[in-house]
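Undergrad: got a structure for you, letters missing:
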């Protein structure tokens, strides 16, 4: 390696080249470069991995610490956008009940949560056009950006949140779906999906076994999942 020298100070690599020829010297240079570059890349890979892992951990911690603030802001903007227009189908008695709570709470958080619960209980639905109209509002889009909610593909957000594929969303569905879109995907999210799929698989097998043991072999079991039906 570099720095190895004979007693008289001459490099050993030069003496080895004279003794074993140019072929040995080329092999020596090649091995030296591979080891040097390989160790450097390994160190850089470890450094980048540690930085990315630390950044991801900080991101999850930030999302967790700001969940209450994001909840209040998101609910407040959803209510404001739904109540500002008569086209969203909010009944007039519900509007009056929501406005009546303006001065009944000492904190904004408690007031917004109480008003949102009343609006959610009114069974007001949000269609695809209404949802896209909400996303086009600059103030609402700003809230989503600050909450670290991915809105790159706005046309797909409705389909992602509409889990039952019913073609419409409740207010509670909209809020919960948007909160689930916060931040990067975590290990817990992936494990949760796997566990739920395993539960659905066991449930379908149980229904299939029950249906097979019944006398009416031609009966069908239909699971209502929006517009999708599973026939066993």
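TA: Looks like it came in fine. Bear in mind the structure is a predicted one, so any value in this text is a computation, not a measurement.

Undergrad: C-alpha only now, for contacts and for neighbours.
TA: OK.

Undergrad: Can you classify residue 105 as helix, strand or coil?
TA: Classification of residue 105 by DSSP: H, G, I helix; E, B strand; the rest coil places it in coil.

Undergrad: What is the burial count for it?
TA: With neighbours defined by other Cα atoms under 10 Å, the count for residue 105 comes to 12.

Undergrad: Next, count neighbours for the residue nearest to it when sequence neighbours are not counted.
TA: Using Cα to Cα, 6 or more residues apart in numbering and skipping residues adjacent in sequence, the residue nearest residue 105 is residue 111, 5.5 Å away. Residue 111 has 18 neighbouring residues, counting by other Cα under 10 Å.

Undergrad: Can you tell me the element residue 111 falls in?
TA: helix 108-121 (DSSP states H and E).

Undergrad: Could you name the helices and strands sitting against the helix or strand immediately after that helix in the chain?
TA: Using DSSP H and E, the helix or strand that directly follows helix 108-121 along the chain is strand 125-127. Applying 3 or more Cα pairs under 8 Å, 6 or more residues apart in numbering; DSSP states H and E, one finds that strand 125-127 makes contact with strand 168-170.

Undergrad: roughly how far is the strand it packs on from the heart of the chain?
TA: 20 Å (Cα atoms, centre = their mean, to the nearest Å).

Undergrad: What residues sit buried inside the helix or strand just after that strand?
TA: Where DSSP H and E defines the elements, the next helix or strand beyond strand 168-170 is helix 171-180. Buried residues in helix 171-180, counted by 16 or more other Cα atoms under 10 Å: 171, 172, 173, 174, 175, 177, 178, 179.

Undergrad: now helix 171-180, how far from the centre of its chain.
TA: Counting by Cα atoms, centre = their mean, helix 171-180 comes out at 13 Å from the chain centroid.

Undergrad: now the angle from the very next helix or strand once past it to helix 171-180?
TA: Tracing the chain past helix 171-180, the next element assigned as helix or strand by DSSP H and E is helix 187-213. Per axes from the mean of the first three to the mean of the last three Cα atoms, to 10 degrees, the angle that helix 187-213 makes with helix 171-180 is 130 degrees.

Undergrad: Show me what counts as buried in helix 187-213.
TA: Those would be 204, 211, for helix 187-213 by 16+ other Cα under 10 Å.

Undergrad: by contact count, what packs against it?
TA: Using 3+ Cα pairs under 8 Å, 6+ apart: helix 187-213 touches no other helix or strand.

Undergrad: Where does residue 14 fall, secondary structure wise?
TA: Assigned by DSSP H and E, residue 14 belongs to helix 12-20.

Undergrad: distance between the ends of stretch 170-190?
TA: Criterion Cα to Cα, to the nearest Å; first-to-last residue distance in stretch 170-190 is 25 Å.

Undergrad: Show me what the helix ranked longest in the chain is packed up against.
TA: Scanning the chain for the helix with the most residues, using DSSP state H, yields helix 22-65. Under the contact definition 3+ Cα pairs under 8 Å, 6+ apart, helix 22-65 sits against helix 12-20.
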